[in-house]
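Engineer: need a structure here:
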Amino acid sequence: MDSEKIAKGITEAILEFLKENRGSFVDWLKEQKINVLPHDFNVAISIIYEKKSISEQYYNQILKEFKNLIDSNNLTGHINIKEISQNFINKGEAESFRNKEGFDLLIWGSFSADGLKEQGKITNKIDLNFTFGHPENELKQIGPMVIKDINSRFYVYNYWKINEEDSLRDIGIISSNAFDISLYIIALTFKLWGRFDESILMFEKLYQVLDNKNLTLRNQLAPHLINCYEQFAIFLIIEKRDIKRGIMVCEKIIQLDSYNIFALLNLARLFYETGEVDRSFDIAKKLLEYYPRNAAVELDIAFHKIMKKEYKSAFRHYERLISISQDQLNFNPIEVIEFLDKQFEITKEPALLYASGLISFHYGDPQIAEQSFNSFLNIIRESFCKEMYRSAKNKVHD
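Structural biologist: Below you'll find the predicted structure:
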């Protein structure tokens, strides 16, 4: 298995873990003190070198270029750098120091002595380490996954030496490598804390940096970035009711993954809510083409068919919906029933009562379903849509 597959597998494991444990994990986060959540990201740098040496000159130039990369990417107000001089014996000591002093990321290590040669060239090597904080669950599952995730992506960045003859080039490589790794750690840390807007900012910056530098790594960022977009879209749409920004975030997902069902379903819904009905229907048709046996897609296209008064077609899509196994449902029946009832109040479209009754009958409360079906039958005649009429009548009599 190559490194790209390993990285993808680890990412999927992290995303699946967060999905499966979202409720308990969010509750755990809420119990923590607010000061464990990073706002500006505080980075400490502790690289040991001999005073008044070539290594010191190299270090100063690396630090300068590292800070320039932060500044050129407009991250100065988000990432705070502090130099310290602490010689850590091992990772445990570094982690204890980081926890005690409250740094989010500690970059530490040391230069080799000046004047050493490698293959006849005077070479200075840096032993560089990245120690950072992140939330952890009781079983200590998150940390190992995160470490594997980072290592699997940045194995190609294992270049931490400066040849005297190519010192300017090597300093640029080291500064760039350290910046990329740090930015990824920061983005991932924000994500694990549920700070999706800050995580998106960092992932987007890194995505841009890698655009002309490392396309393989850039593409490996897509699952993390898409997941952040999805979580942030949920926050904007459900909690903030910020439809405009919700649409913008979903459109960003489509730029990375044109077949993303989460983004397409939400765009179809949001465009309908904002009055762009034709645009919503176009997306619904795309969804049906991409995912012909998907419950939420059948639900969406059936609704549009009702609103276009194509009742027979709507009926067929509802029949396909109820033929799908319930363990494959990817919508909340209660939310759907509430939406259909609300749309009936607005539009007075009778077929919406049938739709609401059908969802209640198969996935909700049979008594509510009977009320919806009776209301539907009291309004329409069989000629309205004999398939819906007969279906409703049969279910009322069952």
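
Engineer: got any ranges where the protein has weak pLDDT?
Structural biologist: Within the chain, the stretches with pLDDT under 70 are 1-39, 137, 398.

Engineer: try it again with 80
Structural biologist: For the chain, the stretches flagged by pLDDT under 80 are 1-39, 135-143, 152-153, 155-158, 397-398.

Engineer: how is it divided into domains?
Structural biologist: Listed by automatic domain parsing, the domain ranges of the chain are 3-212, 214-292, 307-398.

Engineer: for those, give me JSON lines that also has mean neighbour count and distance to residue 298.
Structural biologist: For every residue, glycine as well, the C-beta is placed using N, CA and C. Listed next are the domains of the chain as JSON lines, based on neighbours: other Cβ atoms under 10 Å; distance: least, Cβ to Cβ, whole Å:
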{"stretch": "domain 3-212", "mean neighbour count": "16", "distance to residue 298": "23"}
{"stretch": "domain 214-292", "mean neighbour count": "18", "distance to residue 298": "8"}
{"stretch": "domain 307-398", "mean neighbour count": "17", "distance to residue 298": "4"}
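
Engineer: tell me what the longest strand anywhere in the chain is packed against?
Structural biologist: Using DSSP state E, we find that the single longest strand of the chain is strand 121-132. When contacts are defined as 3 or more Cβ pairs under 8 Å, 6 or more residues apart in numbering; DSSP states H and E, strand 121-132 sits against helix 54-72, helix 91-101, strand 105-111, strand 161-163, helix 167-192.

Engineer: export those as CSV, with columns for distance to residue 387.
Structural biologist: Formatted as CSV, the helices and strands packed on strand 121-132 follow (distance: least, Cβ to Cβ, whole Å):
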stretch, distance to residue 387
helix 54-72, 63
helix 91-101, 66
strand 105-111, 62
strand 161-163, 74
helix 167-192, 48
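
Engineer: between those, which one is closest to residue 230.
Structural biologist: Among the helices and strands packed on strand 121-132, helix 167-192 comes nearest to residue 230, with 11.4 Å by Cβ to Cβ.

Engineer: next SSE after the closest one?
Structural biologist: Next in sequence after helix 167-192, counting helices and strands by DSSP states H and E, comes helix 196-210.

Engineer: what angle sits between that following helix and helix 167-192?
Structural biologist: Counting by axes from the mean of the first three to the mean of the last three Cα atoms, to 10 degrees, helix 196-210 lies at 150 degrees to helix 167-192.
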